[in-house]
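> just a sequence and a predicted model for now, questions to come.
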Amino acid sequence: MVTATLTSKGQITIPKSIRESLHLHTGDRVAFLVHGDAEAVLKPVTKSVDEVFGTLRDKAQPRRSIEEMNAAVAKRMRARRT
């Protein structure tokens with residue numbers, strides 16, 4: 001069991017092993033789900049599409065229009081059928 005200490009300001013540092021296990025990074029949000037009087041569960045809050053939009057984009061790749069993306073998907077689907 002991994003433990004942490006509550007500070008006088010009510011703060012807890014989430015241990016590194018837990019952050020890695022939950023894939024938590026600086027700025028991520030977590031929710032606390034309280035069960036009764038003696039148990040709480042820490043759960044990562046899923047990010048919205050707006051928050052992660054563009055994070056996987058390779059800056060070296062030119063931007064593509066929706067039409068170009070649709071054409072590329074259609075071409076790939078045709079290729080898979082043959």
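Cool, the structure landed. Model, not experiment: these values are computed from the prediction.

> how about L33, nearest residue that isn't a chain neighbour?
Nearest non-adjacent residue to L33, counting by C-beta to C-beta, 6 or more residues apart in numbering: V41, 4.4 Å away. (C-beta placed from N, C-alpha, C; glycine too.)

> run the chain-centre distance for the top helix by length along the chain.
The helix that spans the most residues within the chain, counting by DSSP state H, is helix 66-81. Here helix 66-81 shows a centroid-to-chain-centroid distance of 28 Å under the convention C-alpha atoms, centre = their mean, to the nearest Å.

> just checking, what packs against it?
Under the contact definition 3 or more C-beta pairs under 8 Å, 6 or more residues apart in numbering; DSSP states H and E, helix 66-81 sits against no other helix or strand.

> so what touches that helix?
Contacts with helix 66-81, where a contact means C-beta atoms under 8 Å, 6 or more residues apart in numbering, come from R64.

> pLDDT on that helix, on average?
On average, the pLDDT along helix 66-81 is 91.

> buried sites along it?
Judged by neighbour count (16 or more other C-beta atoms under 10 Å), helix 66-81 contains no buried residues.
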